[in-house]
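Participant: predicted model and sequence follow; I will ask about them next.
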Amino acid sequence: RLKHSTMGLLSRRISLLWIAVFLTILLQRPCVGQEQGQEVKSGDDDNKQEKQICEEGECPNPDVEEAVDPGVEEEAVDPDPPPDVGGRLLTYEELRQNIGEKEGDKIYLSILGKVYDVTKGREFYAPGAGYAVFAGHDGVVPFISGKFTEEEANKSTDVLTDLEMFQLKTSWVKFYREEERYPYLGKLIGTYYDEKGEPTDELKRIFKRWRDYIPPKRKPMKPRKKPKSVSKSKFSNKNT
C-alpha cells in the first residue's frame, strides 16, 4: 500500500509540473490578434501616407497613369495609316503625268494626300471612263457629291459636312487603303503633306474633324406586323 501511495503522489506531481511548463510557454507567446492588429494599423498608415503624397502630385504607385491635361490638344496623328508605312514623296506634276492616256501608261490617284496606283482599274480611271476625273488629281468631293467634273474635284473639303467627311473616311479612304489591286505609293506634297512628308495644318484639321465627330445612333427598327391571315373561304367560288 505504501508503495502504491508513493507512486500515485509522484504521478500527480509530474502532471502538475507539465501543466506549469505548458502555462509558462503559453503566457510567453504574443497574442495573435495583437500581431494582426499591428500589421493592419501599419498598413493603414502606409496607405494614408501614399494618399497624401498622391494628393500633392507625386504618386509613388507605378501603376497609376499620369493624368493628361484636358487643356492640351492631342497631337494630330493619322488615324488611318496606309498599309505600307513610308513610301516616297510625289509632286503634283508627277501625279498629273500618270493619267493613263496611252495603253500601258500608269494611272495615279490621290485621296487626302495619299497616292495609289490604280492602273489595274483602267476600265474605271482611264480617259473617258466614269472615274477619270480622279486620275492625276487629289479631289475628294466628287466621291460624296457624285458629280464627276473637274470643277467639283477642285473644291475644298470645307463644302462637306461632318457626316459626309465621316462617310468619306469610312468608305473611300478605307477602300483605297485596303484594296490590294491599288498599291500605296506615297504622299503627295502640297495641300495635305509638306516637303518632309509631315501632315500640314489642313490635314490636321481634317483629322480633328474625324476625332470630334460622333456618328448618330441608328434608330431601332420597329418590328414588322404580321399580315393578317386571309380565310380560304373568301377566295372560294360561291358557285362551287
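Facilitator: Happy to help now that I have it. Because the structure is a prediction, the values reported are computed rather than measured.

Participant: tell me the phi and psi of Leu110?
Facilitator: Not Leu; residue 110 is Ser. phi -130, psi 140 (degrees, to the nearest 10).

Participant: what distance do you get for it to Pro216?
Facilitator: In this structure, Ser110 and Pro216 are 30 Å apart, going by C-beta to C-beta, to the nearest Å. Backbone N, C-alpha and C define where each C-beta goes, glycine included.

Participant: more neighbours, these two?
Facilitator: Ser110 (26 against 8; other C-beta atoms under 10 Å).

Participant: how near is the spatially closest residue to that one that is not a sequence neighbour to Val115?
Facilitator: Spatial nearest neighbour of Ser110, excluding adjacent residues (C-beta to C-beta, 6 or more residues apart in numbering): Asp138 at 3.8 Å. With distances taken as C-beta to C-beta, Asp138 is found 8 Å from Val115.

Participant: need the contact list for the closest residue in space to Tyr192 that isn't next to it in sequence.
Facilitator: Here the nearest residue to Tyr192 in space, its sequence neighbours aside, is Gly113; by C-beta to C-beta, 6+ apart that works out to 3.0 Å. For Gly113, the contact set (C-beta atoms under 8 Å, 6 or more residues apart in numbering) comprises Asp138, Lys187, Leu188, Gly190, Thr191, Tyr192, Tyr193, Pro199, Leu203.

Participant: thought Arg122 was touching Glu101?
Facilitator: No. The pair Arg122 / Glu101 is not scored as a contact, 11.3 Å apart, by C-beta atoms under 8 Å.

Participant: higher neighbour count, these two?
Facilitator: Per other C-beta under 10 Å, whichever of Arg122 and Glu101 has more neighbours is Arg122, with 16 against 12.

Participant: so Glu177 is in which element?
Facilitator: Actually, residue 177 is Arg. It isn't Glu. In this assignment (DSSP states H and E), Arg177 forms part of helix 174-178.

Participant: buried stuff in that helix?
Facilitator: Of the residues in helix 174-178, Tyr176, Arg177 count as buried by neighbour count, 16 or more other C-beta atoms under 10 Å.

Participant: what of stretch 159-175?
Facilitator: Going by 16+ other C-beta under 10 Å, stretch 159-175 has these buried residues: Leu160, Glu164, Met165, Phe166, Gln167, Leu168, Lys169, Trp172, Val173.

Participant: extract the C-alpha trace of it and format it as PDB.
Facilitator: This file holds the C-alpha atoms of stretch 159-175, laid out as PDB (Å, rounded to 0.1, in the frame of the first residue of the first chain):
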ATOM      1  CA  VAL A 159     -18.000  72.100 -98.600                       C
ATOM      2  CA  LEU A 160     -18.600  68.700 -97.000                       C
ATOM      3  CA  THR A 161     -20.500  68.300 -93.700                       C
ATOM      4  CA  ASP A 162     -19.000  66.400 -90.700                       C
ATOM      5  CA  LEU A 163     -21.200  63.500 -91.600                       C
ATOM      6  CA  GLU A 164     -20.000  63.500 -95.200                       C
ATOM      7  CA  MET A 165     -16.400  63.700 -94.000                       C
ATOM      8  CA  PHE A 166     -17.000  60.700 -91.800                       C
ATOM      9  CA  GLN A 167     -18.600  58.800 -94.700                       C
ATOM     10  CA  LEU A 168     -15.500  59.700 -96.800                       C
ATOM     11  CA  LYS A 169     -13.200  58.200 -94.200                       C
ATOM     12  CA  THR A 170     -15.200  55.000 -93.600                       C
ATOM     13  CA  SER A 171     -15.900  54.300 -97.300                       C
ATOM     14  CA  TRP A 172     -13.500  55.700 -99.800                       C
ATOM     15  CA  VAL A 173     -10.400  56.300 -97.700                       C
ATOM     16  CA  LYS A 174     -10.800  52.800 -96.200                       C
ATOM     17  CA  PHE A 175     -11.400  51.300 -99.600                       C
END
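
Participant: having no further points to raise, I will conclude here.
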